[in-house]
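Participant: Using only what follows, build the 3D model:
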Amino acid sequence: MGMQAPGSRPHREASGLPGPESFWHFSNHQSCPRRTVVARPQCGFSKKAAKIIFQYRTGCHINGQKVSEGRDATIEEDPCLTCHCSKNKLTCAKRACPVLTCPIGLQVMSKGKCCPICSEGKRATLLFPERTMNMPCIIGKDYRKHEESFTLDKCTKCSCFNGTTICSRTSCPVLECAKEHQKTSPGECCPHCPQIEEVRSTCTAEGQTYADGESWRLDDCKSCMCHSGEPRCAMEQCPRLSCPLGQDMERPPGQCCYRCVERDSVCTVYGDPHYKTFDGKFYNFQGSCKYQLTADCVNHTFSIRVTNDGRSARYSSRTKTVSMKIGDTKINLGHKLRVKIDGKRIEMPYNGSIGNITRDKDDNVEVNTTIGIKLFWDGAGYLEVKAPISYKNRLCGLCGNFNSVVRDDLKTRNGVIFKEAGRENSWKFGESWRVGGKKACSRKQDNVHKEKPCHKATKNLSAQDQSA
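Facilitator: Sure thing, here's the model as predicted:
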């Protein structure tokens, strides 16, 4: 014999609760609708309780805990209750527990759970191996005939149909008073809060005393409120979060839940040299002159230039010096970790109006500016430039434009975009960001983008063969 019962049916609470005038309580519950309770004057409401719980007219609050828009919250007093904040209104739903087939003595309620379960873990027992029409039903020790209607308790009505017991249970509204103060009138299913003439004015929690209506925070996700001499606590429920590429999970100070935020981006120069732009594009450029690595091309708050040295090799170079200009201040990072500000060598650590300059434990130079731009320099050709998200869509130079789009990073000074980072394209792109005169170049004339001599000799030989 099987049994069916409703698993959980939400109880719709008074959802539009912007202020005390629409708060509800159930001292006159008999005059309210049985399943759905809406805030109406004829149902009775307590302005004192409204002032205690709904003291804020913006956002959602329950037991002193602020619930963010679109989030859920639970309260310790009732595990079956879940509240949801939407458009500054708190809507609560209460789960109705299913009817169990086992006797009450075998029903077990676990801590923190909403509904009891049968200790033997069985919802029904097969008493009739061969099913026939018009079979009776057995609930616990009771025997019920086919199509017989009966009540299990004041809130549960059932009927037997061909060996299956189908039950419905009234879901009671949420009350503002504690469970020990709730009363149920004879013949009624749901309890109500009695009129309390004298209410205690303080609460004591963890050695602290709080006035009636005062709230306090246990942590960023959990708050409590003193309600008629009793602490009431609520906890905000955070959704599962998965951040896309280029974003990190971050929990803002004072907030319960994490959020996805775009991370600061880094441009890297290394080797002979190779470049990785802010948006993650790799390319090679071996020019031996001075170039604009990156700059604020919108508000012009800073610029960074690099000077490449190519005297020791014909077809490669390395980053020799880095210069950064912020306003009228110029910072130079040179070979062997020499640092100058406005032409004067400084000792580290240095603190000034443009920020601070230090050496880390590995003896590398770190520059942290007041505008958010950071530099990391090892003195031998490795350079990192870190830009905060506030500079997105504002940068230009060899490090790209920092717009989260990789395919347009090779954009020249005059707006030409090379989608492929081939040898010739990289050269044309890099040369467009060249600054300074010919004296800034360590090789007489850079011809690396042209064909090497061996390639020319091969082509000349092929031409001679063809003419022969």
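
Participant: Tell me what the most centrally placed residue in the chain is bridged to.
Facilitator: Centroid check for the chain by CA atoms, centre = their mean gives residue 259 as the closest residue, at 1.7 Å. Note on residue 259: beta-bridge partners residue 250, judged by DSSP bridges.

Participant: Which residue is the nearest non-sequential neighbour of residue 79?
Facilitator: Distances taken as CB to CB, 6 or more residues apart in numbering put residue 114 closest to residue 79, at 4.6 Å, once the chain neighbours are dropped. C-beta here means a position set from N, CA and C on the backbone, and glycine is covered the same way.

Participant: Contacts only, for the residue nearest to residue 407 when sequence neighbours are not counted.
Facilitator: Among residues not flanking residue 407 along the chain, residue 419 sits closest, at 5.6 Å (CB to CB, 6+ apart). By CB atoms under 8 Å, 6 or more residues apart in numbering, residue 419 lies in contact with 407-408, 410.

Participant: could those go into JSON lines alongside neighbour count and distance to residue 302?
Facilitator: Formatted as JSON lines, the contacts of residue 419 follow (neighbours: other CB atoms under 10 Å; distance: CB to CB, whole Å):
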{"residue": "407", "neighbour count": "11", "distance to residue 302": "26"}
{"residue": "408", "neighbour count": "14", "distance to residue 302": "22"}
{"residue": "410", "neighbour count": "27", "distance to residue 302": "22"}
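
Participant: Helices - which of the residues you listed land there?
Facilitator: Per DSSP state H, helices hold no members of the contacts of residue 419.

Participant: distance of residue 116 from residue 421?
Facilitator: Applying CB to CB, to the nearest Å, the value for residue 116 to residue 421 is 66 Å.

Participant: Then residue 276?
Facilitator: Distance, residue 276 to residue 421, using CB to CB: 11 Å.

Participant: if I look at those two, which residues touch both of them?
Facilitator: Shared contacts of residue 276 and residue 421 (CB under 8 Å, 6+ apart): residue 282.

Participant: Okay, the closest residue to residue 303 other than its chain neighbours and residue 324: tell me how far apart.
Facilitator: Using CB to CB, 6+ apart and skipping the chain neighbours, the partner closest in space to residue 303 is residue 295 (3.7 Å). Distance of residue 295 to residue 324, given as CB to CB: 10 Å.

Participant: anything in contact with each of these two?
Facilitator: What both residue 295 and residue 324 touch, as defined by CB under 8 Å, 6+ apart, is the set 302-304.

Participant: Neighbour count, secondary structure and distance to residue 179 added to those residues, as TSV?
Facilitator: Shown next, in TSV, are the shared contacts of residue 295 and residue 324 (neighbours: other CB atoms under 10 Å; DSSP: H, G, I helix; E, B strand; the rest coil; distance: CB to CB, whole Å):
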residue	neighbour count	secondary structure	distance to residue 179
302	22	strand	63
303	19	strand	68
304	26	strand	66
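
Participant: pLDDT added to the residues you listed, as JSON lines?
Facilitator: Below are these laid out as JSON lines (pLDDT from 0 to 100):
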{"residue": "302", "pLDDT": "95"}
{"residue": "303", "pLDDT": "95"}
{"residue": "304", "pLDDT": "96"}
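
Participant: Distance to residue 75 added to these, as CSV?
Facilitator: Putting these into CSV (distance: CB to CB, whole Å) gives the following:
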residue, distance to residue 75
302, 52
303, 56
304, 55
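
Participant: And those residues, which is closest to residue 335?
Facilitator: Distance to residue 335 across the shared contacts of residue 295 and residue 324 (CB to CB) is lowest for residue 304, with 17.1 Å.

Participant: Help me confirm that the closest one comes into contact with residue 324.
Facilitator: Yes: at 4.8 Å, residue 304 counts as touching residue 324 under the criterion of CB atoms under 8 Å.

Participant: just the shared contacts of residue 295 and residue 324 now: which is nearest residue 230?
Facilitator: residue 302 (58.3 Å).

Participant: and the nearest residue to that closest one once chain neighbours are set aside, what is it in contact with?
Facilitator: Sequence neighbours aside, residue 326 is the residue nearest to residue 302 in space, at 4.9 Å (criterion: CB to CB, 6+ apart). By CB under 8 Å, 6+ apart, the residues touching residue 326 are 301-302, 354, 369, 371, 373.

Participant: ok, back up a step: number of nearby residues for the residue nearest to residue 303?
Facilitator: Applying other CB atoms under 10 Å, we find 20 residues neighbouring residue 295.

Participant: Return the list of helices and strands in contact with the host helix or strand of it.
Facilitator: Using DSSP states H and E, residue 295 sits within strand 290-296. On a contact count with 3 or more CB pairs under 8 Å, 6 or more residues apart in numbering; DSSP states H and E, strand 290-296 meets strand 265-270, strand 302-309, strand 383-387, strand 395-396, strand 434-435.

Participant: any residues touching it, and which ones?
Facilitator: Residues contacting strand 290-296 (CB under 8 Å, 6+ apart): 267, 269, 278, 302-308, 322, 383, 385, 387, 391, 394-399, 430, 433-436, 440-441.

Participant: What's the PyMOL line that selects buried ones from those?
Facilitator: In PyMOL, a selection of the buried entries from the contacts of strand 290-296 looks like this (16 or more other CB atoms under 10 Å):
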select buried, resi 267+269+278+302+303+304+305+306+307+308+322+383+385+387+391+394+395+396+397+398+399+430+433+434+441
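
Participant: what sits opposite residue 157 in the beta ladder?
Facilitator: According to DSSP bridges, beta-bridge pairing links residue 157 with residue 151, residue 168.

Participant: Model confidence for it, exactly?
Facilitator: You'll see residue 157 listed with a pLDDT of 86.

Participant: Would you confirm that it contacts residue 149?
Facilitator: Yes: contact status for residue 157 versus residue 149: in contact at 7.2 Å, counting by CB under 8 Å.

Participant: Where does the prediction get shaky in the stretch 101-250 of the chain?
Facilitator: 101, 120-133, 176, 178, 195-200 (pLDDT under 70).

Participant: which residues of it fall in strands?
Facilitator: 107-108, 117-118, 137-139, 142-144, 149-153, 156-161, 164-169, 202-205, 208-211, 215-217, 222-227, 230-237, 247-250 (DSSP state E, counting those that start in this stretch).

Participant: Can I get those strands in CSV including distance to residue 87 and mean neighbour count?
Facilitator: Below are those laid out as CSV (distance: least, CB to CB, whole Å; neighbours: other CB atoms under 10 Å):
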stretch, distance to residue 87, mean neighbour count
strand 107-108, 40, 13
strand 117-118, 37, 16
strand 137-139, 44, 22
strand 142-144, 47, 13
strand 149-153, 38, 12
strand 156-161, 35, 18
strand 164-169, 31, 18
strand 202-205, 31, 14
strand 208-211, 30, 11
strand 215-217, 22, 17
strand 222-227, 21, 23
strand 230-237, 17, 20
strand 247-250, 26, 13
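
Participant: Using JSON lines, please lay out those together with distance to residue 350.
Facilitator: As requested, those are exported to JSON lines (distance: least, CB to CB, whole Å):
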{"stretch": "strand 107-108", "distance to residue 350": "68"}
{"stretch": "strand 117-118", "distance to residue 350": "68"}
{"stretch": "strand 137-139", "distance to residue 350": "83"}
{"stretch": "strand 142-144", "distance to residue 350": "87"}
{"stretch": "strand 149-153", "distance to residue 350": "78"}
{"stretch": "strand 156-161", "distance to residue 350": "77"}
{"stretch": "strand 164-169", "distance to residue 350": "73"}
{"stretch": "strand 202-205", "distance to residue 350": "50"}
{"stretch": "strand 208-211", "distance to residue 350": "47"}
{"stretch": "strand 215-217", "distance to residue 350": "41"}
{"stretch": "strand 222-227", "distance to residue 350": "45"}
{"stretch": "strand 230-237", "distance to residue 350": "45"}
{"stretch": "strand 247-250", "distance to residue 350": "30"}
